[in-house]
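**Q** Mind looking at a prediction? Sequence and model below.
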Amino acid sequence: MTYRIYRITLANGDWYEVATSERNWALDVLLSIHFGNADKPKFRRKYKPQIRATKNYTDRPGPIRSNTYEAD
């Protein structure tokens, strides 16, 4: 299965790339891994995430990289 890579940009300037099979799951993956399952409505109000699909795909789901790290 291939997963589309989504870039999530936050209001504070940080960005994350997450590979998921659906756009709606990208933010859930980010919250569960980097923000300790933060409350989604509160997170949206505070960080105002923008989720955009990239033209890239991968065979591995989950976080790919950020402006602060790159996954193995």
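**A** Looks like it arrived, so ask away.

**Q** The longest strand along the chain: how far from the chain's middle?
**A** The single longest strand within the chain, with elements called by DSSP state E, is strand 50-58. Strand 50-58 sits 9 Å away from the centroid of its parent chain (C-alpha atoms, centre = their mean, to the nearest Å).

**Q** who does it touch, helix- and strand-wise?
**A** Counting contacts by 3 or more C-beta pairs under 8 Å, 6 or more residues apart in numbering; DSSP states H and E, strand 50-58 packs against strand 3-9, strand 15-20, helix 23-34. Placement of C-beta: from N, CA and C, glycine included.

**Q** Can you check what angle separates it from strand 15-20?
**A** With axes from the mean of the first three to the mean of the last three C-alpha atoms, to 10 degrees as the basis, strand 50-58 and strand 15-20 are set at 50 degrees to each other.

**Q** Name the residues of strand 50-58 that come out as buried.
**A** Within strand 50-58, no residue is scored as buried using 16 or more other C-beta atoms under 10 Å.

**Q** Also stretch 57-72?
**A** For stretch 57-72, burial by neighbour count (16+ other C-beta under 10 Å) applies to 63, 64, 66.

**Q** Need the nearest residue in space to residue 57, chain neighbours excluded.
**A** Take residue 57 and drop its neighbours on the chain: the residue closest to it by C-beta to C-beta, 6 or more residues apart in numbering is residue 2, 4.6 Å away.

**Q** Would you tell me which of the helices and strands packed on strand 50-58 gets closest to residue 43?
**A** Across these, residue 43 has its closest neighbour in helix 23-34 (6.3 Å, C-beta to C-beta).

**Q** So which elements touch that closest one?
**A** strand 3-9, strand 15-20, helix 40-47, strand 50-58, strand 62-66.

**Q** Relative to residue 31, which of these is closest?
**A** When the helices and strands packed on helix 23-34 are compared (using C-beta to C-beta), the closest one is helix 40-47, at 6.3 Å.
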